[in-house]
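Asks: I'd like to go over a predicted model; first the sequence, then the structure.
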Amino acid sequence: MSLDANNIRKDFPILSREVRPGIPLVYLDSTATTQKPLAVLQAMDKFYRYNNANIHRGVHTLAEEATAKYEQARQQVADFIHAKSASEIIFTRNATESINLVAYSWARANLKSGDVIILTEMEHHSNLVPWQQLATERGITLEFIPVTGEGLLDLDVYRLLLMRNPKLFAFCGMSNVLGTINPAAEMIHLAHEAGALALVDAAQSVPHLPVDVRALDVDFLAFSAHKMLGPTGIGALYAKTKLLEAMPPFLGGGDMIKTVHLRSFSPNDVPHKFEAGTPAVAEAVGFGTAVAYLNGIGMEAVAAHEQEMISYALERLEEIPGVKVLGPVAEKRGGVASFTLEGVHPHDVAQILDTYGVAVRAGHHCAQPLHEKFGIQASTRASFYIYSVKEEVDKLITGIYQVKKIFN
């Protein structure tokens, strides 16, 4: 399957702008956040113009319309990842909050001193810090699957760690630095055989790859709307129904209750038990519209396009003396290329590229331990999505040669 990126670009107003007079935008920072198609912008604008109301409690027309749109978005997201029921989707602010929800609700209710959690060395801080906090608070032991020199997880060490009877295995489906696509189904199966639950940080995998939570048999899966054409401020946690029903509420307040008395309360049913306060209704509408847009393209086509883009990008980057790309070969990664340029700090690389309109990310990308693993403080990251074209890769390469010229 294939997609027409040049035709898709017409749906994204921001891609037609110039960042400076005569300098068109070359957006290569989609791993940080994706741009938004007109369909998403218009859906959110229409909601605020004609349907805006608080949801669930009201009985007037606007409230009922808003509630229907919010719950329709939940169903769209559930269908997108092939969840069994829409009630298995909890709307959160982002993938970070989704992981924290699991750490504060499920983990604090079920884990005790001495219990083991397995993580990996390639995790985003969002899938490290909540578990570090828990380890400090509860005396939990954290173990880590090492990353090999080629940017893959060492599954032999993983199998050894599973012999320690972990309670949870939490890992990224795809690395936001290396682009490594991890063998999620195999790793989840091994975790379950060892008696552990499995959590996938899918912030990078759900936007770029077909994901089927039932086929994976994953227990928890976290992702964000803004990394898949949707708005900022909303994400989702998928979890199996039996887990959600047993978990205590994450936040207290309105809409997560059935009844409240002065000295007690009873929680609402799933999923509302975990959605305290007025939710991001317009953002949910945008999220659902983004999912519909991606469905219209097909996730197999999305993955194939990114494979084409990263293959070309790696081929071009390897031409440049002094460039070192982090991570595995193209066949084992998504559309992410993080690299270093000998003698030049990544921030300088990114700043000079910006003068040519090329938007890339520079820093540790919220993965400091991974950069330490490779003996570097930071890297420059170019990332691609459905609207990326090979001509933009060529502009990136031209820009890097200009950086080399300036720092000669």
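Replies: Happy to help now that I have it.
Asks: use CA for all of it now, contacts and neighbours both
Replies: Fine.
Asks: Surely Tyr401 forms part of a helix?
Replies: Yes - the assignment for Tyr401, made by DSSP: H, G, I helix; E, B strand; the rest coil, places it in a helix.
Asks: Report the contact partners of Gly357.
Replies: If you count contacts by CA atoms under 8 Å, 6 or more residues apart in numbering, Gly357 has them with 18-20, 23-26.
Asks: residue farthest from the centroid of the chain?
Replies: Ranked by distance from the centre of the chain (CA atoms, centre = their mean), the top residue is Leu262, with 40.0 Å.
Asks: what pairs with Gly363 across the strands?
Replies: On the basis of DSSP bridges, Gly363 is bridged to Ser379.
Asks: picking that back up, drop anything exposed from the contacts of Gly357.
Replies: Neighbour counting over these (16 or more other CA atoms under 10 Å) leaves 19, 25-26 as the buried ones.
Asks: which one of these is nearest His371?
Replies: Of all the buried ones among the contacts of Gly357, Val26 has the smallest distance to His371: 25.9 Å, by CA to CA.
Asks: What's the local residue count around the residue lying closest to the closest one once chain neighbours are set aside?
Replies: Leaving aside its chain neighbours, Val26 sits nearest to Val358 (4.6 Å; criterion: CA to CA, 6 or more residues apart in numbering). Around Val358 sit 25 other residues, with neighbours defined as other CA atoms under 10 Å.
Asks: next one: the one 4 residues further on
Replies: The criterion is other CA under 10 Å. On that basis, Ala362 has 22 neighbouring residues.
Asks: The one 5 residues further on now?
Replies: Applying the criterion other CA under 10 Å, we find 21 residues in the vicinity of Ala367.
Asks: Tabulate the contacts of Gly357 (a markdown table), appending pLDDT, distance to Gly375 and secondary structure.
Replies: What follows is the contacts of Gly357, written out as a markdown table (pLDDT from 0 to 100; distance: CA to CA, whole Å; DSSP: H, G, I helix; E, B strand; the rest coil):
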| residue | pLDDT | distance to Gly375 | secondary structure |
| --- | --- | --- | --- |
| Glu18 | 97 | 37 | strand |
| Val19 | 96 | 34 | strand |
| Arg20 | 95 | 36 | strand |
| Ile23 | 97 | 35 | strand |
| Pro24 | 98 | 35 | strand |
| Leu25 | 98 | 32 | coil |
| Val26 | 98 | 30 | strand |
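Asks: who's in contact with Ile181?
Replies: 173-175, 205, 332-334.
Asks: hang on, I meant Ile14
Replies: If a contact means CA under 8 Å, 6+ apart, then Ile14 has Gln35 as its contacts.
Asks: Over to the residue farthest from the centre of the chain. Which of the three states is it?
Replies: Under three-state DSSP, Leu262 comes out as coil.
Asks: mind checking pLDDT for it?
Replies: The model reports Leu262 with a pLDDT of 97.
Asks: how close does it sit to Lys273?
Replies: Distance, Leu262 to Lys273, by CA to CA, to the nearest Å: 19 Å.
Asks: Please, where are all the helices along the stretch 101-250 of the chain?
Replies: Per DSSP state H, counting those that start in this stretch, the stretch 101-250 of the chain carries helices over the ranges 108-110, 129-138, 155-162, 184-193, 213-216, 241-246.
Asks: Asn94: which of those helices is closest?
Replies: helix 129-138 (14.2 Å).
Asks: Next, the residue nearest to Val26: phi, psi?
Replies: phi -90, psi 110 (degrees, to the nearest 10).
Asks: Asp29 now?
Replies: Torsion angles, degrees, to the nearest 10, at Asp29: phi -130, psi 40.
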